[in-house]
Structure formats: structure tokens, C-alpha cells
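> what follows is a predicted structure for the sequence shown.
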4 protein chains.
Amino acid sequence: MKKIESEIIDCLNKKNVKINDLTELVFEIQSKYTPSVTLKECKKAIYSVLENNEACHAILTGLLIDDFINANYQSDTTIINIIKNDNFSYGVDETIALGIVNLYGSIAWTNFGYLDKNKPGIIGIVDRQGKNSNLCTTFLDDILAAIVASSCSIIAHNCG
Amino acid sequence: MKKIESEIIDCLNKKNVKINDLTELVFEIQSKYTPSVTLKECKKAIYSVLENNEACHAILTGLLIDDFINANYQSDTTIINIIKNDNFSYGVDETIALGIVNLYGSIAWTNFGYLDKNKPGIIGIVDRQGKNSNLCTTFLDDILAAIVASSCSIIAHNCG
Amino acid sequence: MKKIESEIIDCLNKKNVKINDLTELVFEIQSKYTPSVTLKECKKAIYSVLENNEACHAILTGLLIDDFINANYQSDTTIINIIKNDNFSYGVDETIALGIVNLYGSIAWTNFGYLDKNKPGIIGIVDRQGKNSNLCTTFLDDILAAIVASSCSIIAHNCG
Amino acid sequence: MKKIESEIIDCLNKKNVKINDLTELVFEIQSKYTPSVTLKECKKAIYSVLENNEACHAILTGLLIDDFINANYQSDTTIINIIKNDNFSYGVDETIALGIVNLYGSIAWTNFGYLDKNKPGIIGIVDRQGKNSNLCTTFLDDILAAIVASSCSIIAHNCG
């Protein structure tokens, strides 16, 4: 495993997100379309996203912005307030996620739109945590949705 | 109304799609987030998309491809077969739709992903028509979803 | 080689575009950034794009639209006239190309913008052919630029 | 002028970027295609980008990341090092810029690719400043290129 990949897994663990949470979500979504898919293949698809340099950069940049907001929660600039409140019109979190899903084709980015609206499993947990506490998770939920959406696309293309 | 705009409305009518079908869909989806929105505002948002030159070009190009496939239904080239069957891995219909929703920001393209999966109302009717008959509607359903998703984004930004 | 891949190569040959023309362009552009790159590696990168299903679909759809316009050159609908004239405000050709370059990350799509403006080598030849004759090449030049831009990105990421 | 708009202009001024620098660049690029364009129209196009909420959010988020890196220049995490060095494979700066140019259609995003490669005027000055000093300008140059590319697209569409 590459250094950058294990760094992402550590960062996610510190935020109480386990790779298994993502694996389960990929399985739940994709087994409707690919009934033969296994949990092991879902996990493999997730790791394949985490091995992609460009995806890693987007993930770590999103996590960095959340961490920066959390470290400066008392700051009161316009943009920090907008990010903290994850205002409905703020779309940079979705844009950074788009930088990930675009790499995995049209299935990935339509999946992302669906996950972004429905927020199943760990994505919804993280989203509600941001809304109900002082913890900024504005970028985290979209990054998780992008990883899951991309993994589903990998499975769809591989397993037909 | 511009010539190109009334041409699109004529094309859609010939395919049994009425602007009112789209208006109702926009109202149904967006009134959850903007309870004060009126049917009139939904219709105005749709017309505003149809006034955008770049959106018009994408809409008419998508309709042209469907019409071309329908006129050459007996042809048997690889790409014509792929488009006719709207194979799950065929994503050019979504790509052309992306050319529309991108103009209306992140709310538009996440909405599009949601509509593309759920296919409510006229979008689902058109999609099933393509799947259950010899009529090619591969591009039409995505174009309708893009118009609806963009209109919802216009309302979200205007009405806050 | 997959059937769809050899079909693309045949289509391009019929339009007087040889894979070698594209190979030379990739070499010319990318050797500035990756001086050690060989012509063989450039050719391999191009074939790797042509092996990608989603890229193949976008390429064949673009070529299909050009062919359709050429077969209906006397038609006089608004959209056929716009595509024939490759009006500066017509962007669906770039949108379909975006569906290819997005798969290869940010280097691919910035490269594409550059090639689309500068039109070096075979890209410019094809573009001028469309402008100076009755042959519609509106989609072809952008598709070639997308293949070249994506191949350059593959080399950039592999050779670092 | 909206509060968020004047905040952006202040931020840019502190980084020695004047709206006039951007105006000149838009004029220089776009007057080739629209010979009748005036400096006043170029300035108006730039202000129109700065009035768009979604563009403002992307601009301020990019500037925030640069500022955060500058405030934590001694930090040595993987992602901070990658952003500081603006590694060729780091594309999140281009992704955030894409969130701006997408709103202005295909002319905007092909222009952006061109500007990102050629780096004329103030874009190149800012880029070299980042490369030749300890100041992080990784996001700033792409944000300026996105503002200029979008303004050119506005003029192209308005003036035909």
C-alpha cells in the first residue's frame, strides 16, 4: 500500500469512518445491479480508488479544508462561515468530489448525485454530525460519497 | 420567444412531452426545498433554460441523435446498436446532459444524478417507452432530466 | 485488439487520419515535459485510450454525428446548420470530448483546452478541411484533440 | 456591489492582483475574436463573474487554501507538501477552477486550458512568484485564469 493511501485510511479512522462502512455501502447499492458481487470485490474497488493519485489528492485536500475550519472555528470571515454552515448554495465540496468521480465515468457521477441527495449509511451519519455539532464535515460527506460512487462504477464496468 | 426555443418545444411535443409535464416535475421536486415556489415560477425557470443558447444546442443535438437512430433502426453498426440498447455502460447521453447542468452549478448536476437514477414522472415514461418499444429515447430522458435539474437549481438560487 | 477499437481505427483511416499522426502529436507535445518518452510509449498511450469502453463510445458517437450531417448535407434544420457551420457558440463537440478527457484527469482536460485553441498537426488539418469544404468535421477535430490530450496525461502520470 | 464581491477584490489586492490586470488580459485575448470589444466591456464581464455566488465561493475557497498553506508553511504533512510544490500531478486547483468555468460554457473551459498552459500576464507573474519564493500561489493562478476565461466567454456570447 502506498504511503498516501495509508495516510487517507488513518485520517478517515480518526474521523470514525472505517473502510468497512464504505464497503457495506458499495455492496448495498451495487448488488441491485450486479447481484453476484461480493463484499471482497467491493473492498477491492474502494482500495483501487485510494490507489489513484489524483483521487488521493482530492480526498486529502477536502479533509484538509474541514480540518482547517475545525482548527479555526472561532474565525468569522465570510467564507469560513459559509463552509461551516454548508449553505445549500455552497458547491465547492461537490466540485472537489466531481474531480474524483469524473475519473470513473458517467456511472460514477450519476451515482454521486444520487448519494448526495439520499445520504445513505455512513454518508448520512457524517452529514448529520456536521449539522448537529460544532464539527465541520462539509467536505467529508461528499468525499465519502465520491469514493462509494466511483467504487460502484468500477464494479459495474468490471462485472458487466 | 427565440426561433430555436420554439423549435425545441415543437420537437418535444412531437415526442409527446409537454412543457407542463416538466413544470409539474420541477414543482414536485423543488417545493420540498422551496415551499413557497409556484407553478408559474417553475415554468419560468424552464423557459429560462430553453433561452440559453448553449443549453438549446445540447438539447437539439441529443434529439437529433435519437431521431437519426430511429430513421436508421435497421442499421447494424456497433455504435448504433449500443445507442439503441442504451447499454448501462453507454454514457454519452449523460455527458451531453452534463453540458446543460454544468451551466447551472452544483445543485443542478447533483439533482441530475438523482433524477437519472429515480426517473420520476415524464422522465420514467420516456425511459420505459425506449426500453419497451422500437423507439429510441436514449438521449431524450437524460435531456428532460437535465432541463428539470437545471430549472430546480435556478429556483433554489433565486428563492434562497 | 477489441472489435470496437479496430472499428474506430478503420473509421479514422477512412477520414484520412492515421494513428501515426496522433502518435507524432503526442510525442511533440509531451516530450517537452517528459524528455525521455519514446514514440512507442506515445503509441501505447493512444491504444490504451482506444481500449477504454467509455472513451470508445464517445469517439464513435462523435464520428456518427459528423457522418450523419454529411449524409444529410442538404437538410436545412436549425441544428444541422449550426453543426455544419461549427458556430463558435456550438459546444457539444467540446462536451463530448470532455467525456473522454475527464477520464484522464486534470492534465488531460487542460491539455485539451490548449489543443482546441492551437490546433497543431492533424487536428488543424481536419479543422481546416471542415471549414474549407462541404465535409463536416465538427466533431472529428475535438475527438482527435481529446485522444491526444488523454494520451499525454497517461504519459505524464506514468513517467512522472 | 455585494459584500462577498468586495471581499474578493480586497483579497486579490492584498496579493497584488488588480482588477485592471485581469481586464487587460481579457481585452488582449478576446479582442482577437471580438475586435469591437472595449476595455469597459471587459471590466463589466469580470464584475459579472464576481457577482455570481457559486463563482465567489470557489474563488474564496481557493484563496483560503493558499492562505492556510502560507500560515502553516513549516508543516510537513504529505498533502501540504504536495500543494506547496504545486506538483504537476496535483489537479485540485484546476478542479476548483473548473467549478467556475463550467458555469460559463464550453468557450470558458477551453479558454481556461489555454491560459493554464500559456500563463500570460498576471497569471504567469503569480505562478512564477509561487515557484520562486516561499509564498504559496498554487490556487491563485488557476483562479485568475478561471475569472479571465469566464469573462472572455461572456463577451464572446454577448457580442457574437
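Thanks, I have the structure now. Residues are numbered from 1 along each chain as shown, chains lettered A, B, ... in the order given.
> would you point out which residue is most central in chain A?
Of all residues in chain A, the one closest to the mean position by CA atoms, centre = their mean is A:Leu144, 1.6 Å from it.
> list the residues that contact that one.
A:17, A:22, A:122-123, A:126 (CB atoms under 8 Å, 6 or more residues apart in numbering or on different chains). Where C-beta positions appear, they are placed from N, C-alpha and C, glycine not excepted.
> among those, which two are most distant?
A:Leu22 and A:Val126 (11.1 Å; CB to CB).
> which bits of chain A sit near chain B?
A:33, A:88-89, A:91, A:94-95, A:98, A:105-107, A:109-114, A:116-118, A:156-157 (CB under 8 Å from any CB of the partner chain).
> if we use 10 Å, what do you get?
Chain A comes close to chain B at residues A:29, A:33, A:87-95, A:97-98, A:101-102, A:105-118, A:142, A:145, A:149, A:153, A:156-157, A:160, as judged by CB under 10 Å from any CB of the partner chain.
> filter those to the buried ones?
Buried by 16 or more other CB atoms under 10 Å in any protein chain shown: A:29, A:89-95, A:97-98, A:101-102, A:105-117, A:142, A:145, A:149, A:153, A:156-157, out of the residues of chain A next to chain B.
> filter these down to the ones in helices?
A:29, A:92-95, A:97-98, A:101, A:105-117, A:142, A:145, A:149, A:153, A:156-157 (DSSP state H).
> of the residues you listed, list those near chain D.
With CB under 10 Å from any CB as the criterion, the members of these in contact with chain D are A:92-95, A:97-98.
> what is the nearest of these to chain D?
A:Thr95 (3.6 Å; CB to the nearest CB).
> need the contact list for the residue nearest to that closest one when sequence neighbours are not counted.
Of all residues not flanking A:Thr95 in the chain, D:Gly99 sits nearest, at 3.6 Å (CB to CB, 6 or more residues apart in numbering or on different chains). D:Gly99 is in contact with A:91-92, A:94-96, A:98-99, B:102, B:105-106, D:54-55, D:57-59, D:61-62, D:146, counting by CB atoms under 10 Å, 6 or more residues apart in numbering or on different chains.
> rerun at 8 Å
With contact set as CB under 8 Å, 6+ apart, D:Gly99 has these partners: A:91-92, A:95, A:98, B:106, D:54, D:58.
> now the residue of chain A found nearest chain C. Nearest residue, chain neighbours left out?
Per CB to the nearest CB, A:Asn102 is where chain A lies closest to chain C, at 4.0 Å. Nearest residue to A:Asn102 in three dimensions, chain neighbours excluded: C:Asn102, at 4.0 Å (CB to CB, 6+ apart).
> just checking, that neighbour touches A:Val101?
No: using CB atoms under 8 Å, C:Asn102 is not in contact with A:Val101; the gap is 9.2 Å.
> quick one: average pLDDT of stretch A:39-59?
For stretch A:39-59, mean pLDDT rounds to 97.
> extract the CA atoms of that stretch and return them as PDB.
As requested, C-alpha coordinates have been extracted for stretch A:39-59 and formatted as PDB (Å, rounded to 0.1, in the frame of the first residue of the first chain):
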ATOM      1  CA  LEU A  39     -18.000  -7.800  -0.200                       C
ATOM      2  CA  LYS A  40     -14.400  -8.700  -1.100                       C
ATOM      3  CA  GLU A  41     -14.800  -7.200  -4.600                       C
ATOM      4  CA  CYS A  42     -16.400  -4.100  -3.100                       C
ATOM      5  CA  LYS A  43     -13.500  -3.600  -0.800                       C
ATOM      6  CA  LYS A  44     -11.000  -4.100  -3.700                       C
ATOM      7  CA  ALA A  45     -12.800  -1.400  -5.700                       C
ATOM      8  CA  ILE A  46     -12.500   1.000  -2.800                       C
ATOM      9  CA  TYR A  47      -8.800   0.400  -2.500                       C
ATOM     10  CA  SER A  48      -8.400   0.800  -6.200                       C
ATOM     11  CA  VAL A  49      -9.800   4.400  -5.900                       C
ATOM     12  CA  LEU A  50      -7.500   5.000  -2.900                       C
ATOM     13  CA  GLU A  51      -4.600   4.000  -5.100                       C
ATOM     14  CA  ASN A  52      -5.300   6.600  -7.700                       C
ATOM     15  CA  ASN A  53      -3.000   9.600  -7.200                       C
ATOM     16  CA  GLU A  54      -5.500  12.200  -8.500                       C
ATOM     17  CA  ALA A  55      -8.300  10.800  -6.300                       C
ATOM     18  CA  CYS A  56      -6.000  10.800  -3.200                       C
ATOM     19  CA  HIS A  57      -5.100  14.500  -3.800                       C
ATOM     20  CA  ALA A  58      -8.800  15.400  -3.900                       C
ATOM     21  CA  ILE A  59      -9.600  13.400  -0.800                       C
END
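> show me which parts of it are buried, residue by residue.
Using 16+ other CB under 10 Å as the test for burial, stretch A:39-59 gives A:41-43, A:45-46, A:49-50, A:52-59.
> name the residues that touch it?
Applying CB under 8 Å, 6+ apart, the external contacts of stretch A:39-59 come out as A:1-2, A:4-5, A:8-9, A:19, A:22-24, A:26-27, A:30, A:96-97, A:99-100, A:103-104, A:143, A:146-148, A:150-152, A:154-155, A:158-159, C:105-106, C:157, D:79, D:82, D:89-92, D:95.
> so how far is that stretch off the chain centroid?
11 Å (CA atoms, centre = their mean, to the nearest Å).
> stretch A:25-37 now?
18 Å.
> quick one: end-to-end distance for that stretch.
This stretch, stretch A:25-37, spans 13 Å end to end (CA to CA, to the nearest Å).
> buried sites along that stretch?
Buried residues in stretch A:25-37, defined by neighbour count with 16+ other CB under 10 Å: A:25-27, A:29-30, A:34, A:37.
> among these, which are located in helices?
Judged by DSSP H, the buried residues of stretch A:25-37 include A:25-27, A:29-30 as members of helices.
> any chance of those residues in a markdown table, plus pLDDT and distance to B:Ser133?
Listed next are these as a markdown table, based on pLDDT from 0 to 100; distance: CB to CB, whole Å:
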| residue | pLDDT | distance to B:Ser133 |
| --- | --- | --- |
| A:Leu25 | 97 | 36 |
| A:Val26 | 98 | 34 |
| A:Phe27 | 97 | 34 |
| A:Ile29 | 94 | 29 |
| A:Gln30 | 94 | 29 |
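> with neighbour numbers in mind, choose between A:Leu22 and A:Val126.
When neighbours are counted by other CB atoms under 10 Å in any protein chain shown, A:Leu22 and A:Val126 differ, and A:Leu22 comes out ahead with 25 against 22.
> tell me who's in contact with that one.
Taking CB under 8 Å, 6+ apart as the test, what A:Leu22 contacts is A:46, A:122, A:144, A:147-148, A:151.
> then A:Gly91?
Contacts of A:Gly91 (CB under 8 Å, 6+ apart): B:105-107, D:54, D:57-58, D:99.
> tell me how far it lies from B:Leu103.
Per CB to CB, to the nearest Å, A:Gly91 is found 13 Å from B:Leu103.
> how about low-confidence regions in chain A?
By pLDDT under 70, the weakly predicted segments of chain A are A:160.
> what parts of chain A come near chain C?
Residues of chain A lying near chain C (CB under 8 Å from any CB): A:53-54, A:99, A:102-106, A:157.
> what's the closest non-adjacent residue to whatever residue of chain A ends up closest to chain B?
Taking CB to the nearest CB as the measure, chain A has A:Gly113 as its residue closest to chain B, at 1.5 Å. Spatially, and ignoring its direct neighbours in sequence, A:Gly113 is nearest to B:Gly113 (1.5 Å; CB to CB, 6+ apart).
> my read: the one you found touches A:Tyr114, true?
Yes: between B:Gly113 and A:Tyr114 there is a contact under CB under 8 Å: 5.2 Å.
> list the residues that contact the nearest residue to A:Lys119 once chain neighbours are set aside.
The shortest distance from A:Lys119 to any non-neighbouring residue, by CB to CB, 6+ apart, is to A:Asp127 (5.2 Å). Residues near A:Asp127 by CB under 8 Å, 6+ apart: A:119, A:137, A:141.
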